[in-house]
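> Next comes the sequence, and after it the predicted model I'd like to discuss.
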Amino acid sequence: MSNLNKDDILLMLEQMEDELMLAEEQRMAGLAEAGAVRAGLARRADAALRSCNAVIARAFGGSLVCQSSRKLFDTHAGMTLDVRPRGAPDSLLTVSLRIPRDGDASLVAERASGGLRYFSGKLALADGAEPHLAATLSHVLERALQPA
């Protein structure tokens, strides 16, 4: 091992400090980018949830009510809506919507007790695609409320 003088040690410490500062800048930039992506995903999820709630509120003369929840993750947003006739204790329909950060959303609508699936498929939910979601959900509600 060679002898290190004071100047060599100080130079190494400065280089290490520069590397740490660069790593911190990269980490902060990554956090900012992830925050922007997550905010965009939250906007899309909120718009989809508003659209779903509006469709359910208008459906069949306002005879349906909905309890909804939304969860936001780094890779996707997930929403669940439990739809029931006004005044009824039991859910008629459970709608699950998964909106990924990239790609098409998936929608599953099924009887709350399971077994009967009314819709399962992919939806293109780019910004402004809420009418497509609303039309699909309206169709699902019509099928769910038809007599067996």
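Arrived safely, thanks for sending.
> so where's the longest helix in the protein?
helix 6-58 (DSSP state H).
> Next, the buried residues of the helix or strand following that one.
With elements assigned by DSSP states H and E, the helix or strand that comes after helix 6-58 is strand 64-72. Using 16 or more other Cβ atoms under 10 Å as the test for burial, strand 64-72 gives 64-66, 68, 70. C-beta here means a position set from N, CA and C on the backbone, and glycine is covered the same way.
> who does strand 64-72 pair up with?
strand 76-85 (antiparallel) (DSSP bridges).
> Next, report how far the next helix or strand after the partner strand is displaced from the centre of its chain.
Next along the chain after strand 76-85, taking DSSP H and E as the criterion, comes strand 93-100. Here strand 93-100 is found 9 Å from its chain centre; the criterion is Cα atoms, centre = their mean, to the nearest Å.
> Please work out which residues outside strand 93-100 touch it.
Strand 93-100 is contacted by residues 41, 44-45, 48, 52, 75-84, 105-112, 118, 125, 133, 137, 140-141, 144 when judged by Cβ atoms under 8 Å, 6 or more residues apart in numbering.
> and with 6 Å instead?
Residues outside strand 93-100 that contact it (Cβ atoms under 6 Å, 6 or more residues apart in numbering) are 44-45, 76-83, 105-110, 112, 125, 144.
> Stretch 49-57: which residues count as buried?
Buried-residue list, stretch 49-57, by 16+ other Cβ under 10 Å: 49, 51-52, 55-56.
> nope, stretch 81-95 is what I meant
81-84, 91-95.
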